[in-house]
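> Need the 3D shape of this:
(one chain, ligands or ions: 1)
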Amino acid sequence: MCMVKIDGLNKAYRSVPALSDIHLQIETGLFGLLGPNGAGKTTLMKILSTILPYEEGQVTIYDLDLAKQGDKVRGLLGYLPQHFHAPPQFTGREFLHYAGSMKGLTNHRERSEQVERLLDEVNLLPHADKKIKSFSGGMTRRLGIAQALLGKPKFIMLDEPTAGLDPSERIRFRNVIEKLSKDHTIILSTHIISDIESSCEKAAVLNKGQVLYQGTTAGLAQKAAGCIWELQVPYANYDKAEKEYAIISSRREMNHAVFRVIAKEPPHVHATAVQPTIEDGYMAVINGVTA
Ligand SMILES: Nc1ncnc2c1ncn2[C@@H]1O[C@H](COP(=O)(O)OP(=O)(O)OP(=O)(O)O)[C@@H](O)[C@H]1O
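Numbering: from 1, shown residues only. A predicted model of the protein is given here:
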């Protein structure tokens, strides 16, 4: 069932378009929002979280009209902004109590139960009484994830949640989010394709304010079907090959570089076709080289 419905959404900053005629339908579960720098991901999330006004369009969130019922939408919402800051003099635990009170968790026992559970889920219990000013970037990010989940919101938006997290914290985060995705609507904006690869069934790709793809992540990979090739090049010719081919990635094997190349036609007689991944599909859509 569609929980977030966006029709004909337009947003401009001083008449420079940031979002143009966006149509998206988002169901319960984990939805990946992908796009390069400046694509419009943060603008879209700020609009959905009622922070930014928009010029045109119809947005419905859990049957609420965003333009008319913003207050009620805020009651459903958990949001981790891209640049999350917390008061440096607070401890992690104090901040979560404060944020919980702001979200209407006035019952101390209920708030404490949530604060302690979330501190545990984001692995901050051992640091809960340290001042935030002593936190690392990754710890602050994890505190941001915890505050977004306070109040048991139904609709959760996380703007680049894993930026700055180490690999084990990233896995822990994915597990927390996957558990929630069964009965929550979660939008996860990221540059890191592997964040959505393992957990998101559906995704959209945004570029220059436009939706270039929306659908399943498997379908996104298929956008690059027949357009992904591997090509072995002697290491000595690396620079020349880099100029010649549209390279997605490369790895070293003995004296050779193995390039993963995107092209509609075989880029070389010795190039071999390979199965596309979600990342390949993303690159294909962004570069307009699709099957
Ligand atoms: N406050 C603002 N004033 C003017 N232009 C803005 C403002 N915020 C964003 N923009 C512009 O709107 C466009 C979309 O930006 P946005 O931050 O939404 O993209 P993004 O996909 O989140 O990028 P990133 O991945 O780099 O965070 C960009 O061209 C950006 O320069």
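> any idea how the chain splits into domains?
Taking automatic domain parsing as the domain assignment, the ranges for the chain are 2-216, 228-275.
> where does the first one sit relative to the chain's centre, distance-wise?
Put simply, domain 2-216 sits 9 Å off its chain's centre (CA atoms, centre = their mean, to the nearest Å).
> Can you say which of the domains of the chain is packed in most?
domain 2-216 (a mean of 18; mean count of other CB atoms under 10 Å). Backbone N, C-alpha and C define where each C-beta goes, glycine included.
> how much space between the nearest residue to Tyr54 once chain neighbours are set aside and Val211?
Counting by CB to CB, 6 or more residues apart in numbering, Tyr54 lies nearest to Lys11, which is 4.7 Å off, once chain neighbours are set aside. Noted for Lys11: a distance of 13 Å to Val211, by CB to CB, to the nearest Å.
> neighbouring contacts of the lowest-mean-pLDDT helix or strand in the chain?
Ranked by mean pLDDT, DSSP states H and E, the helix or strand of the chain with the weakest confidence is helix 193-197, at a mean of 83. Counting by CB atoms under 8 Å, 6 or more residues apart in numbering, helix 193-197 makes contact with 30, 32, 34, 161-162, 170, 174, 188, 190, 203, 217, 277-279, 282, all of which sit outside it.
> at 7 Å what do you get?
With contacts defined as CB atoms under 7 Å, 6 or more residues apart in numbering, helix 193-197 is touched by Gly32, Leu34, Thr162, Leu188, Thr190, Ala203, Thr217, Ile278, Glu279, Tyr282.
> hmm, it touching the ligand?
No. Using CB under 6 Å from any ligand atom, helix 193-197 never reaches the ligand; the gap is at least 13.3 Å.
> want to throw the domains of the chain into TSV with distance to Asn287?
Output for the domains of the chain, formatted as TSV (distance: least, CB to CB, whole Å):
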stretch	distance to Asn287
domain 2-216	10
domain 228-275	6
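> and the stretch 51-200 of the chain, which residues reach the ligand?
Counting by CB under 6 Å from any ligand atom, the stretch 51-200 of the chain sits next to the ligand at Gln82.
> how about the strands in the stretch 51-200 of the chain?
Ranges of strands in the stretch 51-200 of the chain, per DSSP state E, counting those that start in this stretch, are 56-61, 64-65, 77-80, 155-159, 185-190.
> Pull up the pairing partners for the second one, direction included.
Going back to what we said before, that points to strand 64-65. strand 56-61 (antiparallel) (DSSP bridges).
> what inclination does the partner strand have with respect to strand 185-190?
Relative orientation of strand 56-61 and strand 185-190, computed by axes from the mean of the first three to the mean of the last three CA atoms, to 10 degrees: 120 degrees.
> quick one, what contacts Gly104?
Taking CB under 7 Å, 6+ apart as the test, what Gly104 contacts is Gly151.
> Quick check on it: phi, psi?
phi 90, psi 10 (degrees, to the nearest 10).
> quick revisit: could I get the strands of the stretch 51-200 of the chain as CSV with distance to Gly92?
Formatted as CSV, those follow (distance: least, CB to CB, whole Å):
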stretch, distance to Gly92
strand 56-61, 30
strand 64-65, 32
strand 77-80, 15
strand 155-159, 18
strand 185-190, 23
